[in-house]
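*Asks:* What follows is a predicted structure for the sequence shown.
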Amino acid sequence: MDAYIENRKGELYTKVYHDPMGLHYILPYVVGHSKLQHSNWLQFALLRAVCYCSSVEDFHHERLYLELAYLVNGYSFFFVESHIQNFFDYFQRQSIRYHSDQSNYYSFRQKWFDFFTLQKQRSEKLQELDDNNQVIHFNYFYDYGPRCEFNQYFREEWSRYFGTHSKLSNEKCKILLTTKHIYSLNALLSS
């Protein structure tokens, strides 16, 4: 869990714990598409920082620690900057990135906790649909191009053809689209 928890005069104080004897600025080892995996890990690590850090100063320290870890490991400044900016843009809270207002930070944390609750409810609903065999999984090969546009177009066509179907309409089932990457011969030979 790597969390530091303390009782400070009756107030719960938490932050991300880093072992002082451990290696610093190390990213997790990943196999396959490392840039995508490290991108996802950065988002997860920022979410973990929001959940663990009760103080805005501790959150900023953890964010800077993550930024340095990526820069030290050879990721470009643009990669790090764009991911950090997207994180704050998600809830339109860019001001938190540059200011240490604790009340603003509490509001930001609460929005994330509400988001987690909503995600859990959606996951439970999806599991319920899956248990009733109302989820349809489609996998397609993805090489390049506008994936989101394809997904939207697919859903529109599905609604057009099956909109009034008794079991395949959008109201009766959930469509999950998953991509599979087409790897180059060079990538396949190296694995």
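*Replies:* Ah, there it is.
*Asks:* helix/strand/coil for E124?
*Replies:* Three-state assignment for E124 (DSSP: H, G, I helix; E, B strand; the rest coil): helix.
*Asks:* give the contact list for it.
*Replies:* With contacts defined as C-beta atoms under 8 Å, 6 or more residues apart in numbering, E124 is in contact with no residue. C-beta: built from backbone N, CA, C; applies to glycine.
*Asks:* Now do the strands in the chain.
*Replies:* Listed in chain order, the strands of the chain (DSSP state E) span 3-8, 11-16, 135-142, 174-181.
*Asks:* low-scoring pLDDT stretches of the chain, where are they?
*Replies:* Residue ranges of the chain with pLDDT under 70: 1, 29-33, 142-147, 181-191.
*Asks:* all helices of it, in order?
*Replies:* With helices called from DSSP state H, the chain shows them at 34-52, 56-72, 77-89, 95-98, 102-131, 147-162, 185-190.
*Asks:* got the CA coordinates for the fourth one in PDB?
*Replies:* Once side chains and other backbone atoms are set aside, the C-alpha atoms of helix 95-98 remain, and they are given as PDB (Å, rounded to 0.1, in the frame of the first residue of the first chain):
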ATOM      1  CA  SER A  95      -5.400  26.200 -10.600                       C
ATOM      2  CA  ILE A  96      -4.500  23.400  -8.200                       C
ATOM      3  CA  ARG A  97      -1.400  22.600 -10.200                       C
ATOM      4  CA  TYR A  98       0.100  26.000  -9.500                       C
END
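*Asks:* Give me the residues contacting that helix.
*Replies:* Residues from elsewhere that reach helix 95-98, judged by C-beta under 8 Å, 6+ apart: 56, 63, 84-85, 88, 101, 104-105, 108.
*Asks:* out of the residues you listed, who has the most neighbours?
*Replies:* In terms of neighbours by other C-beta atoms under 10 Å, those top out with Y105 at 22 neighbours.
*Asks:* okay, the strands of the chain in TSV with mean neighbour count and distance to L118 next?
*Replies:* Rendered in TSV, the data for the strands of the chain read as follows (neighbours: other C-beta atoms under 10 Å; distance: least, C-beta to C-beta, whole Å):
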stretch	mean neighbour count	distance to L118
strand 3-8	11	23
strand 11-16	14	23
strand 135-142	12	19
strand 174-181	13	16
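*Asks:* Against P20, how distant is the residue nearest the centre of the chain?
*Replies:* The residue lying closest to the centre of the chain (C-alpha atoms, centre = their mean) is Q43, at 4.7 Å. As for Q43, its distance to P20 is 26 Å (criterion: C-beta to C-beta, to the nearest Å).
*Asks:* hmm, back to that, pick the one among the contacts of helix 95-98 closest to V16.
*Replies:* V16 lies nearest to R63 out of those, by C-beta to C-beta, at 10.2 Å.
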